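Engineer: Requesting a structural model of the entry that follows:
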Amino acid sequence: MHAIILAGGSGSRLWPLSRDLYPKQLLRLNFGKSLLERTFEHLMGVIDVDNIIAITSTKHINDVRVQLSAYNKNIRILGEPVFKNTTPAISIATKYVLDYKGDDIVVIAPSDNLIDDDLEFRQTIEQAKELAQKGYIVTLGVKPESPVTGFGYIKTGKKENSGYVVELFKEKPDLEQAKEFLKDSTYYWNTGILVFRASVFMETLKKYAKETYEIVQKFDFTKQDDIPYMIFDTFPSISIDYGILEKADNLAMVEMQAKWNDLGSWDAVYNLGKKDENGNVKIGDIIAKDCKDSMFFSSERLIAGIGLKDLVVVETSDAILVCDRNKTQDVKQIFEKLKEEKSDLHKTHATVYRPWGYYTVLNQGEGYLTKMICVSKKGQLSLQSHNYRSEHWMILSGTARVTLDNKVFMLKAGSSISIPVKAVHSVANPYDTELKIIEVQKGDKLSEDDIVRYKDIYGRVKAKD
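Structural biologist: Numbering: from 1, shown residues only. You can find the predicted model right below:
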């Protein structure tokens, strides 16, 4: 068997904690490990680590690689050059399996699911595998607990092995439909986890999404792993639910044995959180007086609430969300509004994490940007240059080993150095204490895209033939 982890979503409904450049699957929230890491661990109990593949946006490849390299240093990651929803992503990844390993059973695993029992999950996958070998596309379902409109609903028919043939699949019904489905014991929520034989999926794709099928055939992964933008951008953007599952006549379902949660909204985070005697979930520095059934998440500052009920309050260094707990699905509209207004608040945090540590943007204006850079012990930035900006570094604490145009400087706290435009440079922290630097950038274009990498210990420079 092979597994494909879908790790390309933006996580817009978990804004402001989740951003376009650091989406929810990379967040650790209050669970110790990220959703992406937990997904990989669930799959490890079922599938050999060398047969687990991730597909994500090209802008997230480095972060995904850093998190998953702890499990498999040679993890294969496919990069989508532009977001086209789940039908193209699953189709491309399945074609990759066909080209790379042949006609195998494939497990599709979204990276935003929480599963609490690996043994029961493994048993469910084995049951689904039996149906997949008979030519079904198998989805894992769970009994609905409320009339949620953000899930797909599965109506089951006759019994088939350890599962059911699907009579109807309805993606994201309206509230009245969801209430009716809840009354009918034959309906289940769709988890988004699929199991199928690669060739069966391709045949189904050809039947119900012929345009997508024909574009997929243009890729030959026996020759290269790259996904060219010019071809990928021709895919119609459609989810697997609307593109295939609502139409397919070879759909089956197996009930998920393990407890399952989709971490798609702040209300879902609330439902999973540890609650106090008044039903409040408090993460971070929180004082809640006479508050009831509310969710508080503080990343840096104190949140103090008085007399609040059924609210979500989320604080980050650059944004605060206050929302009715019953309206958390609508947070996506705020994300989209910020995107329309070209605000960076949908895109990135003031603090951005990198394999070597993190940086925090302190101030920004016309032609300048100031950061505080923290390099973890033994961390090292790539050997790089910039085409449009110069930089000036002042060492706040620790000792920096700076490489500048083939010269090496050891700089202690209080020292500074200037990096001219197009100069090849790097900074490393060879010691066991954090290195902190104030960086002042100057230039007409101050963008994280203005970087040319030559060497990198974190694998962010592609090997040349």
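Engineer: Would you agree Pro355 is in contact with Tyr458?
Structural biologist: Yes - using C-beta atoms under 8 Å, Pro355 makes contact with Tyr458 at a distance of 4.1 Å. For the C-beta atoms, the positions are set from N, CA and C on the backbone; glycine is no exception.
Engineer: what about these two, which has more around it?
Structural biologist: Ranked by neighbour count (other C-beta atoms under 10 Å), Pro355 and Tyr458 place Pro355 first, with 20 against 17.
Engineer: residue contacts, the more buried one?
Structural biologist: Each residue near Pro355 by C-beta atoms under 8 Å, 6 or more residues apart in numbering is listed here: Asn62, Val66, Gly379, Tyr458, Arg460.
Engineer: doesn't the second one fall inside a helix?
Structural biologist: Yes - membership of Val66 in a helix is supported by DSSP: H, G, I helix; E, B strand; the rest coil.
Engineer: Excluding covalently adjacent residues, which one is nearest to it?
Structural biologist: Nearest residue to Val66, sequence neighbours excluded (C-beta to C-beta, 6 or more residues apart in numbering): Pro355, at 4.6 Å.
Engineer: swap in Glu130?
Structural biologist: Distances taken as C-beta to C-beta, 6+ apart put Asn161 closest to Glu130, at 5.2 Å, once the chain neighbours are dropped.
Engineer: which residues touch that neighbour?
Structural biologist: Gln127, Glu130, Leu131, Lys134.
Engineer: For it, what are phi and psi?
Structural biologist: For Asn161, the backbone dihedrals (degrees, to the nearest 10) come out as phi 50, psi -130.
Engineer: Number the chain from 16, please
Structural biologist: Done: numbering now begins at 16, and the last item shifts to Asn176.
Engineer: pLDDT at it, what is it?
Structural biologist: The confidence metric pLDDT takes the value 90 at Asn176.
Engineer: Report the buried residues of the helix or strand that contains Leu220.
Structural biologist: Take DSSP states H and E as the rule and Leu220 turns out to sit in helix 213-223. For helix 213-223, the neighbour count (16 or more other C-beta atoms under 10 Å) marks Ala213, Val215, Phe216, Met217, Thr219, Leu220, Tyr223 as buried.
Engineer: and that helix, what does it pack onto?
Structural biologist: If you count contacts as 3 or more C-beta pairs under 8 Å, 6 or more residues apart in numbering; DSSP states H and E, helix 213-223 packs onto helix 101-116, strand 120-125, strand 152-157, helix 225-231.
Engineer: let's go with 7 Å and repeat that
Structural biologist: helix 101-116, strand 152-157, helix 225-231 (3 or more C-beta pairs under 7 Å, 6 or more residues apart in numbering; DSSP states H and E).
Engineer: now for the ones you listed, which one comes closest to Leu44?
Structural biologist: Leu44 sits nearest to strand 152-157 of all the helices and strands packed on helix 213-223, at 21.0 Å, using C-beta to C-beta.
Engineer: which one among the contacts of Asn176 gets closest to Ser106?
Structural biologist: Leu146 (20.8 Å).
Engineer: in a helix, that's where the closest one is, yeah?
Structural biologist: Yes - looking at Leu146 with three-state DSSP, it is inside a helix.
Engineer: which residues are in contact with the one helix or strand Met245 maps to?
Structural biologist: Using DSSP H and E, Met245 maps to helix 244-247. Helix 244-247 is contacted by residues Glu95, Pro96, Val97, Lys99, Ile230, Lys233 when judged by C-beta atoms under 7 Å, 6 or more residues apart in numbering.
Engineer: what's the burial count for the closest residue in space to Ala415 that isn't next to it in sequence?
Structural biologist: Distance criterion C-beta to C-beta, 6+ apart; nearest residue to Ala415, sequence neighbours excluded, is Leu426 at 4.6 Å. Residues within reach of Leu426, counting by other C-beta under 10 Å, total 19.
Engineer: Check Lys304 too.
Structural biologist: Count around Lys304 with other C-beta under 10 Å applied: 10.
Engineer: these two touch, right, it and Phe311?
Structural biologist: No - Lys304 is beyond contact range of Phe311, at 11.8 Å (criterion: C-beta atoms under 7 Å).
Engineer: Low-confidence ranges, the protein, go.
Structural biologist: 25-26, 45-46, 362, 477-480 (pLDDT under 70).
Engineer: Helices of that one, start to end?
Structural biologist: Along the chain, counting by DSSP state H, helices occupy 50-59, 76-83, 101-116, 133-147, 190-198, 213-223, 225-231, 244-247, 255, 281-287, 346-355.
Engineer: before we move on, the earlier item: among the contacts of helix 244-247, who's most crowded?
Structural biologist: Neighbour count (other C-beta under 10 Å) singles out Glu95 as the most crowded of the contacts of helix 244-247, with 23 neighbours.
Engineer: tell me the contacts of the residue lying closest to Ser412 once chain neighbours are set aside?
Structural biologist: Nearest non-adjacent residue to Ser412, counting by C-beta to C-beta, 6+ apart: Lys451, 4.7 Å away. Contact partners of Lys451, counting by C-beta under 7 Å, 6+ apart, are Met387, Cys389, Leu411, Ser412, Gly413.
Engineer: Asn293 too?
Structural biologist: By C-beta under 7 Å, 6+ apart, the neighbours of Asn293 are Cys306, Lys307.
Engineer: just the one 10 residues further on next, same as before
Structural biologist: Contacts here follow C-beta under 7 Å, 6+ apart; on that basis Ala303 touches Asn295, Lys297, Phe311, Gly320.
Engineer: can you rerun that using 10 Å?
Structural biologist: 291, 293, 295-297, 309, 311, 318-323, 328 (C-beta atoms under 10 Å, 6 or more residues apart in numbering).
Engineer: Also Val181?
Structural biologist: Neighbours of Val181 in contact, by C-beta under 10 Å, 6+ apart: 151-154, 156, 169-172, 175, 203, 205, 260, 263-268.
Engineer: Okay, and the beta partners of the residue nearest to it when sequence neighbours are not counted?
Structural biologist: The spatial neighbour of Val181 that comes closest, neighbours along the chain excluded (C-beta to C-beta, 6+ apart), is Leu266 at 4.0 Å. Beta-bridge pairing for Leu266 (DSSP bridges): Ile152.
Engineer: how about Leu266, what does it touch?
Structural biologist: Leu266 touches 151-154, 169, 172, 179-184, 209, 211, 219, 259-260, counting by C-beta under 10 Å, 6+ apart.
Engineer: How about His401?
Structural biologist: 434-440, 456, 458, 460-462, 465-467.
Engineer: any idea how far it lies from Ile253?
Structural biologist: Applying C-beta to C-beta, to the nearest Å, the value for His401 to Ile253 is 39 Å.
Engineer: Please apply the same query to Pro162.
Structural biologist: 25 Å.
Engineer: do Asp35 as well
Structural biologist: Noted for Asp35: a distance of 21 Å to Ile253, by C-beta to C-beta.
Engineer: more crowded one of these two?
Structural biologist: Asp35 (21 against 17).
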